[in-house]
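Engineer: from the sequence below, what's the structure:
(one chain, ligands or ions: 1)
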Amino acid sequence: MTAPAGVTVRVPAKVNVQLAVGAARPDGFHDLANVFLAVSLYDEVTATPADELTITCEGPDADKVPLDRTNLAARAAELLAARHGISPAVHLHIAKDIPVAGGMAGGSADGAGALLACDALWGLDTSRDVLLEICAELGSDVPFSLVGGAALGIGRGEQLTGLPVGGAFHWVFAVADGGLSTPAVYGEFDRLTEGVDVPEPTASPVLLEALRAGDTTALAGALANDLQAAALSLRPSLAATLTAGTEAGALAALVSGSGPTTAFLVKDAEAAESVAAALTASGTCRTARAATSPAPGATVLPSA
Ligand code: ATP
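Structural biologist: Numbers count the residues shown, from 1 in each chain. Modelled structure (predicted):
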């Protein structure tokens, strides 16, 4: 008998090129206008048949990934199995390249990846709409990990509209030591904006046009993250990383999502290499990675 075949799904990280955050709602969530762009840093989730749901993880940050039922990949398998009235008997292996707790939606990526991998492994052929519903149940960033490309997310960020992107953008991501908790960053945002009349979050027309045109210079001028001040307040050392990248020639720098990863938009692949080298040498981050966007969403890889 041959060993049971597995299904591997590759799924991208994201950067928020605009993250507009409204005031805290009565339920504690914030309304967002969130422009997501998928970038070419990927996790791979492999699903193989097993007696029960188990998870393993490999990669530089593997020790920071929970291997119990709180892992978003495990929760995805459970929700999908429950929808179809079957048991989540699967082993999920995560090859992790996306920084953990870095504001790049690594956990969300694994949730979307596991969902697609289990759906293919179990031969369920779940409709795209139902997959997206399950993603939204898993977390605000998970639907985008499934679709990739670029999208505007409103509500908590989970109501997505795809956006056209007219060309490739080049990035460097500086990975910080240690993570930042997303709820803690929102808490700090609430503290910093106490008594302030926070405007309704809306997508910037200038930014959407820059994406549509594939215009790097225009995008550099339009990048915006309303969580940046809160992330910098909790992690003041990020200011030095932002400065090091800008001094090395990045066109623009911002905190990625809730941080502490910082994102640098650069002119081309050559600039990405030199900015990444300068950031690494600056000692202001753990490592720096070059990537391009847009990247495709969760994709089943051909079996080896
Ligand atoms: P986001 O950008 O969506 O706010 P993030 O990139 O900052 O998220 P994640 O890497 O998703 O953060 O991790 C946040 C926390 O989620 C981790 O500290 C970990 O406890 C938990 N977690 C659950 N599942 C996973 C997973 N598959 N990979 C990484 N972290 C996970």
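
Engineer: which residue is the nearest non-sequential neighbour of whichever residue of the chain sits closest to the ligand?
Structural biologist: Distances from the chain to the ligand, computed as Cβ to the nearest ligand atom, single out G107 as the nearest residue at 2.7 Å. Every C-beta, even on glycine, is put in place using the N, C-alpha and C of the backbone. In space, G107 comes closest to L72 once its chain neighbours are excluded; the distance is 4.6 Å by Cβ to Cβ, 6 or more residues apart in numbering.

Engineer: ok, that neighbour touching L138?
Structural biologist: Yes: contact status for L72 versus L138: in contact at 5.8 Å, counting by Cβ atoms under 8 Å.

Engineer: what sits in contact with each of these two?
Structural biologist: Taking Cβ atoms under 8 Å, 6 or more residues apart in numbering as the criterion, L72 and L138 both touch 108, 111.

Engineer: any stretches of the stretch 151-300 of the chain with poor pLDDT?
Structural biologist: Applying pLDDT under 70 to the predicted model, the stretch 151-300 of the chain contains no residue that meets it.

Engineer: then the stretch 1-150 of the chain?
Structural biologist: 1-4.

Engineer: could I get the full set of strands for it?
Structural biologist: Ranges of strands within the stretch 1-150 of the chain are 7-24, 30-49, 54-58, 90-95, 150-155, based on DSSP state E, counting those that start in this stretch.

Engineer: which one of those strands lies closest to S233?
Structural biologist: S233 lies closest to strand 7-24 among the strands of the stretch 1-150 of the chain, at 14.2 Å (Cβ to Cβ).

Engineer: quickly run through the sheet partners of that closest one, with directions.
Structural biologist: Strand 7-24 pairs in its sheet with strand 30-49 (antiparallel), strand 224-225 (parallel), strand 299-300 (antiparallel), by DSSP bridges.

Engineer: Serialize these to a markdown table and add fields for distance to V9 and mean neighbour count.
Structural biologist: Formatted as a markdown table, the entries for the strands paired with strand 7-24 read as follows, by distance: least, Cβ to Cβ, whole Å; neighbours: other Cβ atoms under 10 Å:
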| stretch | distance to V9 | mean neighbour count |
| --- | --- | --- |
| strand 30-49 | 5 | 23 |
| strand 224-225 | 28 | 20 |
| strand 299-300 | 5 | 16 |
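
Engineer: mind putting those into TSV with distance to the ligand?
Structural biologist: Written out in TSV, the entries for the strands paired with strand 7-24 read as follows (distance: least, Cβ to the nearest ligand atom, whole Å):
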stretch	distance to the ligand
strand 30-49	8
strand 224-225	12
strand 299-300	18
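
Engineer: helix or strand: which one has the closest residue to A24 other than its chain neighbours?
Structural biologist: Excluding its sequence neighbours, the residue lying closest to A24 (Cβ to Cβ, 6+ apart) is D190, at 5.2 Å. D190 is part of helix 182-192 when elements are defined by DSSP states H and E.

Engineer: what does this protein put close to the ligand?
Structural biologist: 65-66, 70-73, 94, 100-108, 110, 141, 179, 182, 257-258 (Cβ under 6 Å from any ligand atom).

Engineer: wait, isn't N225 in contact with A253?
Structural biologist: No: counting by Cβ under 8 Å, no contact exists between N225 and A253, whose distance comes to 10.4 Å.
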